[in-house]
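Engineer: Starting from these lines, generate the structure:
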Amino acid sequence: MRLEITCDDRLGIAQDVLEILRNYEIDLRGIEVDPKGKIFLNFPELEFKDFQHLMPEIRRIANVKDVKTVAFMPSEREHYEFKLLLNMLPDPILSLDSRGDIDIANDAAQRILGDSGKTLLGSNISHWISGFNLLRWLEKQPQQATVQQISVSGAKYFADLLPIWISDEQAKQNFAGAVMTCKPQPLAEQWQRNVSADAFSQLLGEHSSMKRLIKEASRMAELNVPLLIQGETGVGKELLARACHQASKRAEQPFLAINCAALPDNVAESELFGHGKGSLGPYTEAKKGIFEQANGGTVLLDAVSEMSNGLQAKLLRFIQDGRFRRIGEEQEVTVDVRIICSAQDDLLEQVENGRFREDLFYRLNVLSLHVPPLRERKTDIPLLADQFTVQACQRLGRSLIMVSRAARERLQQYAWPGNVRQLENVLFRSISMAEGDSLDADDLQLPSTSNLADAVTVDLEEGSLDEAVKKFESTILRRLYPSYPSTRQLAKKVGLSHTAVANKLREYGIGKNRKKKPL
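Structural biologist: The predicted model follows:
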């Protein structure tokens, strides 16, 4: 029960009110005095017979004008207003005491750090963040605010740390802790001022395999010889090729890319080498090919393994001599371009099977890079998820969405057969459909993945044991192949030799361009 007493200011009036409460043996929970002439009381509910006697007695106190019940104390209203305002803010905000224990956490902070406020409040901040020793900073009782980079479940944030100092009655300053506001790294003003001009800055990743890849690529970018980039679909082979071009001495010259799998053979030859006037029809004009247009720069041949044998032969001669003829012309054209090729991990297998020229393979494979799949560097997923979340929100023109802890865990548990491209598309689709300010695990629209434990139901009543084993084997390989499209990776996964797995894939007709052996 809460009472509001309206009165004129008088020395001892609060004491008179408390005396009446003591006479009625009322357990006072709280009292607040408003400088505008109001006293607020908070005590347990009273029976009606007691309450009807209490009110007249308070009204008879000198200088008391009115007494009435109210729904809340002024401090309670301020608390709920503050909580509502805090939870409306999209950025995680925490209040810490001088020991680093969490006193206040808004909804955004609870979604990022913990599953609920109960597990978060009262715990120490060191349990939730890394990358910066916040406890040591608090021990120094800092006077100035600071901005530090921190890591939360693998995701990077910039933390604005504001120390709290409170003055006592003698105007003495006392250190009371700090308020921490976290901002995703790509949006932070400090990050924008310190964006690296490095050509490889767009290749996000802190996993050792990515650091090694970027280090090797930065060295190879300066060399004026063909470069072969291999990796599964969606890992970012074209992004790496562009970075190599930008880091080379050809950076000021054109970078042109062509997808060899998307064009028929005759069209691809015309696109690459150009054609003379009237060569493709009576009304066609002469056209420069990609190699001429990129003279002095770099050409990326994407999906080079899909190139026909005839086009492979012409490409091989061009790499050897630096000269070629346009379609329908006899005069040779000489250009200076660096060729970068991208292919999936089965290019060597294509050579072994006779579908790709061995001599061209070794010409293209002077320098080679392998981009690791996302499932082999899952510690990079939070960093990539933050980047793609920011980009998606900017493209959709909506306020920043925070990715919850449960959503991050689900992202890291997924196999990602489509790699980085699939992660970007999943986040964009999920964010475009999200209604609130956070992305939870249930909001992620991930294609379902089947469990290998439920992969096969073998019926031994039909067929022999050998047929049942082959059926089981075929189903297992068919389920694993989308996540391990390279036979070498698949062989490593199932513990067989590369040749054995390649033969089984061919026998069961698994994978593109694989024909099942006749029985």
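Engineer: Residues in contact with stretch 476-492: which ones?
Structural biologist: Here stretch 476-492 makes contact (Cβ atoms under 8 Å, 6 or more residues apart in numbering) with 232-233, 344-346, 349, 375, 415, 417, 450, 452, 455-456, 493-494, 497-498, 500-502, 504-505, 508, 510-511. (C-beta placed from N, C-alpha, C; glycine too.)
Engineer: For it, what is the distance to the chain centroid?
Structural biologist: Mean-position distance between stretch 476-492 and its chain equals 26 Å (Cα atoms, centre = their mean, to the nearest Å).
Engineer: got the end-to-end distance for that stretch?
Structural biologist: Counting by Cα to Cα, to the nearest Å, you get 14 Å between the two ends of stretch 476-492.
Engineer: ok, Glu409 - contacts?
Structural biologist: Each residue near Glu409 by Cβ under 8 Å, 6+ apart is listed here: 153, 441.
Engineer: Which secondary structure state does it sit in?
Structural biologist: helix (DSSP: H, G, I helix; E, B strand; the rest coil).
Engineer: tell me the domain ranges of the chain?
Structural biologist: 2-76, 90-192, 208-370, 374-443, 452-508 (automatic domain parsing).
Engineer: Measure how buried Glu467 is and give me the count.
Structural biologist: Glu467: 13 surrounding residues under other Cβ atoms under 10 Å.
Engineer: Now do it, the pLDDT please.
Structural biologist: Model confidence at Glu467, given as pLDDT, is 74.
Engineer: And for Leu519?
Structural biologist: 38.
Engineer: And for Gly100?
Structural biologist: Note for Gly100: predicted pLDDT of 91.
Engineer: Got a quick PyMOL command for the buried subset of the contacts of stretch 476-492?
Structural biologist: Command for PyMOL that selects the buried part of the contacts of stretch 476-492, burial taken from 16 or more other Cβ atoms under 10 Å:
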select buried, resi 232+344+345+346+349+375+415+417+498+501+502+504+505+508+510+511
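Engineer: Let me have the domains of the chain in a markdown table, extended by distance to Ser201.
Structural biologist: What follows is the domains of the chain, written out as a markdown table (distance: least, Cβ to Cβ, whole Å):
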| stretch | distance to Ser201 |
| --- | --- |
| domain 2-76 | 50 |
| domain 90-192 | 11 |
| domain 208-370 | 8 |
| domain 374-443 | 11 |
| domain 452-508 | 28 |
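Engineer: all strands of the stretch 151-300 of the chain, in order?
Structural biologist: For the stretch 151-300 of the chain, strands defined by DSSP state E, counting those that start in this stretch occupy the ranges 155-167, 173-184, 227-230, 255-259, 298-302.
Engineer: how about CSV for these, with distance to Ser432, mean pLDDT and mean neighbour count added?
Structural biologist: CSV is the format used below for those (distance: least, Cβ to Cβ, whole Å; pLDDT from 0 to 100; neighbours: other Cβ atoms under 10 Å):
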stretch, distance to Ser432, mean pLDDT, mean neighbour count
strand 155-167, 21, 86, 17
strand 173-184, 18, 87, 18
strand 227-230, 31, 93, 24
strand 255-259, 27, 91, 18
strand 298-302, 28, 93, 24
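Engineer: any chance of the ones you listed in CSV, with distance to Ile58 too?
Structural biologist: Shown next, in CSV, are the strands of the stretch 151-300 of the chain (distance: least, Cβ to Cβ, whole Å):
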stretch, distance to Ile58
strand 155-167, 35
strand 173-184, 37
strand 227-230, 84
strand 255-259, 84
strand 298-302, 85
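Engineer: circling back to that earlier point, and the domains of the chain: which comes nearest Lys83?
Structural biologist: Lys83 sits nearest to domain 90-192 of all those, at 8.1 Å, using Cβ to Cβ.
Engineer: Any idea how far the closest one is from the middle of the chain?
Structural biologist: On Cα atoms, centre = their mean, the centre of domain 90-192 falls 22 Å from the chain's centre.
Engineer: Of the strands of the stretch 151-300 of the chain, give the one that comes closest to Arg363.
Structural biologist: Arg363 sits nearest to strand 227-230 of all these, at 9.6 Å, using Cβ to Cβ.
Engineer: Return the list of helices and strands in contact with the closest one.
Structural biologist: helix 237-246, strand 338-343, strand 367-370 (3 or more Cβ pairs under 8 Å, 6 or more residues apart in numbering; DSSP states H and E).
Engineer: how about those in JSON lines, adding mean pLDDT?
Structural biologist: Below are those laid out as JSON lines (pLDDT from 0 to 100):
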{"stretch": "helix 237-246", "mean pLDDT": "93"}
{"stretch": "strand 338-343", "mean pLDDT": "93"}
{"stretch": "strand 367-370", "mean pLDDT": "92"}
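Engineer: winner for burial among those?
Structural biologist: Comparing the helices and strands packed on strand 227-230 by mean neighbour count (mean count of other Cβ atoms under 10 Å), strand 338-343 ranks first with a mean of 26.
Engineer: hey, C-alpha coordinates of it in PDB?
Structural biologist: Output in PDB follows, covering the C-alpha atoms of strand 338-343 (Å, rounded to 0.1, in the frame of the first residue of the first chain):
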ATOM      1  CA  ARG A 338      48.100 -11.300 -65.400                       C
ATOM      2  CA  ILE A 339      45.800 -14.400 -65.300                       C
ATOM      3  CA  ILE A 340      44.200 -15.500 -62.100                       C
ATOM      4  CA  CYS A 341      42.100 -18.700 -62.300                       C
ATOM      5  CA  SER A 342      39.600 -20.000 -59.700                       C
ATOM      6  CA  ALA A 343      38.400 -23.500 -59.500                       C
END
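Engineer: Following the chain past that strand, name the next helix or strand.
Structural biologist: The first helix or strand that comes after strand 338-343 along the chain, using DSSP states H and E, is helix 347-352.
Engineer: What is the helix or strand just after that next one packed up against?
Structural biologist: As assigned by DSSP H and E, the chain's next helix or strand after helix 347-352 is helix 358-364. Where contact means 3+ Cβ pairs under 8 Å, 6+ apart, helix 358-364 is packed against helix 309-321, helix 347-352.
Engineer: let's go with 10 Å and repeat that
Structural biologist: strand 227-230, helix 309-321, strand 338-343, helix 347-352 (3 or more Cβ pairs under 10 Å, 6 or more residues apart in numbering; DSSP states H and E).
Engineer: need these in TSV with distance to Ala178, can you?
Structural biologist: Shown next, in TSV, are the helices and strands packed on helix 358-364 (distance: least, Cβ to Cβ, whole Å):
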stretch	distance to Ala178
strand 227-230	46
helix 309-321	61
strand 338-343	49
helix 347-352	55
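Engineer: Which of those sits closest to Ala241?
Structural biologist: strand 338-343 (4.7 Å).
Engineer: Tell me the strands beside that closest one, with direction?
Structural biologist: Looking at strand 338-343 with DSSP bridges, its partner strands are strand 227-230 (parallel), strand 298-302 (parallel).
Engineer: Now Ser98: which helix or strand?
Structural biologist: Counting by DSSP H and E, Ser98 is part of no helix or strand.
Engineer: Please name the residues that touch the closest residue to it other than its chain neighbours.
Structural biologist: Leaving aside its sequence neighbours, Ser98 sits nearest to Gly177 (Cβ to Cβ, 6 or more residues apart in numbering; 5.0 Å). Shown in contact with Gly177 (Cβ atoms under 10 Å, 6 or more residues apart in numbering): 94-103, 138, 141, 162-166.
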